[in-house]
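K.L.:
Sequence plus predicted model, see below.
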Amino acid sequence: QVQLVESGGGLVQAGGSLRLSCAASGRTFSGYRMGWFRQAPGKEREFVAAITWTWGITTYADSVKGRFAISRDNAKNTVYLQMNSLKLEDTAVYYCAAGPESSSGRRSDYDYWGQGTQVTVSS
């Protein structure tokens, strides 16, 4: 049974940093793409960043390019999202997801989801 467990969310001031973690278990993720999505109140869940498990190829939403960095530790089966220069509009529940390596930024491409972790950026 695949499990994705996020951690690392919290309250941070604008301009600050947080690092989210996603511990993955239940299968081998070779050939998968791991993604981070976020959902703010009253808004659709949106793509943030993704990384291919095998090759480490990364993609980012334009809104986070240059501020966020996704990485993975294959030995620990963990994916990270380093978030710097946080803005008020980054406030959301952040979700970890896993899908085939061909997955893009579409929510429907991803098969497995975590429960989410809240990130709140204050002024």
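P.N.:
Thanks, I have it.
K.L.:
Okay, buried residues for stretch 94-101 please.
P.N.:
94-99, 101 (16 or more other CB atoms under 10 Å). Using the backbone N, CA and C atoms, a C-beta is placed for each residue, glycine as well.
K.L.:
what does stretch 113-123 give?
P.N.:
Buried, per 16+ other CB under 10 Å, within stretch 113-123: 113-114, 116-117, 119, 121.
K.L.:
One more: stretch 32-46?
P.N.:
32-38, 45.
K.L.:
Could you pull up the mean pLDDT of that stretch?
P.N.:
On average, the pLDDT along stretch 32-46 is 96.
K.L.:
Start and end of it, how far apart?
P.N.:
19 Å (CA to CA, to the nearest Å).
K.L.:
what does that stretch contact?
P.N.:
20, 22, 24, 47-53, 61, 70, 72, 79, 81, 89-103, 105, 107, 110, 116, 119 (CB atoms under 8 Å, 6 or more residues apart in numbering).
K.L.:
Can you tell me which of those are classed as buried?
P.N.:
20, 22, 24, 47-53, 61, 70, 72, 79, 81, 90-99, 101, 103, 105, 107, 110, 116, 119.
K.L.:
Quickly find the element holding the most centrally placed residue in the chain.
P.N.:
With distances taken as CA atoms, centre = their mean, the residue of the chain nearest its centroid is Trp36 (2.2 Å). If you go by DSSP states H and E, Trp36 is part of strand 32-39.
K.L.:
List the pairing partners of that strand within its sheet, with orientation.
P.N.:
Paired neighbours of strand 32-39 in the sheet (DSSP bridges): strand 46-52 (antiparallel), strand 92-100 (antiparallel).
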